[in-house]
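>>> what's the 3D shape of this:
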Amino acid sequence: MTPRSTPHPTSPGAPAGRSPLRGLTSRGREEAHRVASPLELFFDLCFVVAIAQAGVQLVHAVAEGHTGEGILNYAMIFFAIWWAWMNFTWFASAYDNDDTLYRVVTLVQIAGVLVLAAGVSQAFQAHDFLVVWLGYAIMRLAMVAQWLRAALSTRDAERRVALRYAGGVLLCQVGWLGLLVLPEDARAWVFLVMAVLEMCVPPFAERDRQTSWHPHHISERYGLFTIIVLGESVAAATVAVRSGIDEHDALGELVPIAVGGLLIVFAAWWIYFVVPIHGHLRSNRQAFLWGYGHYLIFASAAAIGAGLEVAVEQAVGKTELSALAASAAVTLPTALYLLTVWALHSRFYKVGIAQQLVLPTAALLVIACTFLNDRAVPAAGAVCALAVAAGTTLTARAARTAGATAPPAGQG
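Take a look at the predicted model:
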């Protein structure tokens, strides 16, 4: 049984007057003009609320000297947010029929992430994950309901895939109870084991049949979420700089950080969107690696904003952190972002060793900027801007060379 190549007659593109309840069957893989829906955009916006809360608590943890503990808590909470977002995104790409029940269940998932966001401070400060677990459970049980509905609307291999997803998600949700009942020292191991098991559910469920996710729709959804996360980093850094100026009159110390931070975020946007990645997403193997790898892209993009806040606090004397530690809070997530975007995106479209080396070299130079202390952030911003300039120049040169060596029209 293969995915349909034409749009389902009751897809969101159908005429007005359609039934409020329809079968949840797969949409066409080659459906034309497939774009993100307003519901999906609203979904993304609400999820970034939780990301912002995690970033705020990461800033507090690092500024108070609890860096290792803060990073662990951030990784755990960010995984819950990202994984629930990603599961919905791929499900919606294959099955979104935009009927009343689908919308209601999606709104329940949004409510779940808001519950999770409300528990982030307790998780960081009191090591109490009850509210976070409850919010995650709401999102995941809503996802189970979507898969069970898909199973009722389909048959044969497609139904088996839906039932495997529903069963796998339910079992994993039971496993996450370990965060609540096991000793605090075991939480890191519970997280590691359960994260691996969660990521094994999609390959297990789709081992016989691939769901009909839409490559262009998926790449657009990930791109939009990247924009929102980078925007949250800009907003967080802006608030920090404004606070530093208002409370400490430290304009001279903060302008270099603000300029460097903007250059980093602008470059982060540029290098992500410079190539159209949907042409690379042809199989589940490619898509799973690309989709899973975005955990690092999203987490590092959000952490850049948190790092800029830490740098601002250090510059105005609101934290006892050293300049080296504050610099690392910006440069390390920036370098991780550059490397993961290169590994997942850019390297498939680079021609020649010079183009391939631009982003890895820039990542190493950004790390080296850490040791410039107070000048680290503007220096890292300059490196990111130069990486964009170098990549653009090399691409243009390669295009001119290819045009000069191409045979005249009608020949070859």
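>>> how near is the residue positioned nearest the centre of the chain to residue 232?
Relative to the mean C-alpha position of the chain, the nearest C-alpha, by Cα atoms, centre = their mean, is the one of residue 298, at 3.3 Å. Counting by Cβ to Cβ, to the nearest Å, the separation of residue 298 from residue 232 is 10 Å. Backbone N, C-alpha and C define where each C-beta goes, glycine included.
>>> okay, now residue 269: neighbour count?
17 (other Cβ atoms under 10 Å).
>>> try residue 272
By other Cβ under 10 Å, neighbour count at residue 272 equals 21.
>>> Distance check, it against residue 190.
32 Å.
>>> Run the chain-centre distance for the strand or helix carrying the residue nearest to the centre of the chain.
Residue 298 is part of helix 284-315 when elements are defined by DSSP states H and E. Computed by Cα atoms, centre = their mean, to the nearest Å, the chain-centroid distance of helix 284-315 equals 7 Å.
>>> Which other helices and strands does that helix contact?
helix 38-63, helix 67-95, helix 187-205, helix 215-248, helix 251-273, helix 323-344, helix 376-405 (3 or more Cβ pairs under 8 Å, 6 or more residues apart in numbering; DSSP states H and E).
>>> Just want the angle from it to helix 67-95.
Orientation of helix 284-315 against helix 67-95 (axes from the mean of the first three to the mean of the last three Cα atoms, to 10 degrees) gives an angle of 140 degrees.
>>> what's the model's confidence in helix 284-315, averaged?
The average pLDDT within helix 284-315 is 89.
>>> Report the buried residues of that helix.
284, 287, 290-291, 294-315 (16 or more other Cβ atoms under 10 Å).
>>> and the angle from it to helix 323-344?
Interaxial angle, helix 284-315 versus helix 323-344 (the same axes, to 10 degrees): 160 degrees.
>>> State the three-state secondary structure for residue 24.
When classified by DSSP: H, G, I helix; E, B strand; the rest coil, residue 24 comes out as coil.
>>> Tell me how far it lies from residue 63.
From residue 24 to residue 63 the distance is 47 Å (Cβ to Cβ).
>>> tell me the most buried of the helices and strands packed on helix 284-315?
Highest mean neighbour count of these: helix 323-344, a mean of 23 (counted as mean count of other Cβ atoms under 10 Å).
>>> by contact count, what packs against it?
Using 3+ Cβ pairs under 8 Å, 6+ apart, helix 323-344 is in contact with helix 251-273, helix 284-315, helix 353-369, helix 376-405.
>>> and that helix, average pLDDT?
94.
>>> residues contacting the nearest residue to residue 221 once chain neighbours are set aside?
In this structure, residue 221 finds its nearest non-sequential neighbour in residue 89, 5.0 Å apart by Cβ to Cβ, 6 or more residues apart in numbering. Neighbour list for residue 89: 40, 218, 221-222 [criterion: Cβ atoms under 8 Å, 6 or more residues apart in numbering].
>>> hmm, 10 Å instead?
Neighbouring residues of residue 89 by Cβ atoms under 10 Å, 6 or more residues apart in numbering: 36, 40, 43-44, 96, 213, 217-218, 221-222, 224-225, 291.
>>> for the protein, what are the low-confidence residue spans?
Along the chain, the model assigns pLDDT under 70 to residues 1-18, 248, 278-280, 402-412.
>>> Thank you kindly, that will do.
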